Structure formats: structure tokens, C-alpha cells
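turn this into a model:
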Amino acid sequence: MPQRFEHCRLVDTRITYLGRDGIFEFKHDKARTAYNAWDYLEKKGWELVAVIVNQDGDTEAYFKRPVEIE
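Residues are numbered from 1 along each chain as shown. Predicted coordinates for the structure are as follows:
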């Protein structure tokens, strides 16, 4: 069985959970600072996959972590 992942995106201090299989869950968390957001994701087991600069000039960081088999 292939390993499954859930994904999220960090823009500034806003974390958007993209859900399993890339399906949006429209759930947002707001951290106080960018450092707090990065620290939170690291502590929760998220792994950095890619960093891009969008058309607005903002940096977007994409993360993944394995989904535990239920």
C-alpha cells in the first residue's frame, strides 16, 4: 500500500490545511509571528516540501506529513 500524506501551506503567518489527497478543508490557523508558525509546524511533524514566490511577491511554503493508518 502506498504511503499517504496530508498537506498544508504557510503564507506569512497563515497556515492553510489542504487535507489528504490535496482536497481543501478550508481550515485556517493564525499564528502570532512567522517564527511561531514555522515552529508549530515543525513540532507537529510537518516536513517542508517547497517554497515559492507567488504573483503578489509573497512567499508560500508547502509542507507534508504522513497520514497514520486508521
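
only C-alpha atoms from now on, for both contacts and neighbour counts.
Will do.

which ones are touching the most centrally placed residue in the chain?
By CA atoms, centre = their mean, the chain has its centre lying nearest to Cys8, at 2.4 Å. The contact partners of Cys8, taken as CA atoms under 8 Å, 6 or more residues apart in numbering, are 15-19, 62-64.

quick check: bridge partners of the nearest residue to it once chain neighbours are set aside?
Nearest non-adjacent residue to Cys8, counting by CA to CA, 6 or more residues apart in numbering: Tyr17, 4.3 Å away. Under DSSP bridges, the beta-bridge partners of Tyr17 are Cys8, Lys27.

neighbours of Tyr17, just the number please.
The tally of other residues near Tyr17 (other CA atoms under 10 Å) stands at 22.

tell me where the chain has helices.
Applying DSSP state H to the chain gives helices spanning 34-43.

returning to what we had before: from Glu68, how far out is the residue nearest to Cys8?
16 Å (CA to CA, to the nearest Å).

with Val11 instead?
Counting by CA to CA - Val11 and Glu68 are separated by 26 Å.

between those two, point out the one with more neighbours.
Using other CA under 10 Å as the criterion, Val11 and Glu68 rank with Val11 on top: 17 against 9.
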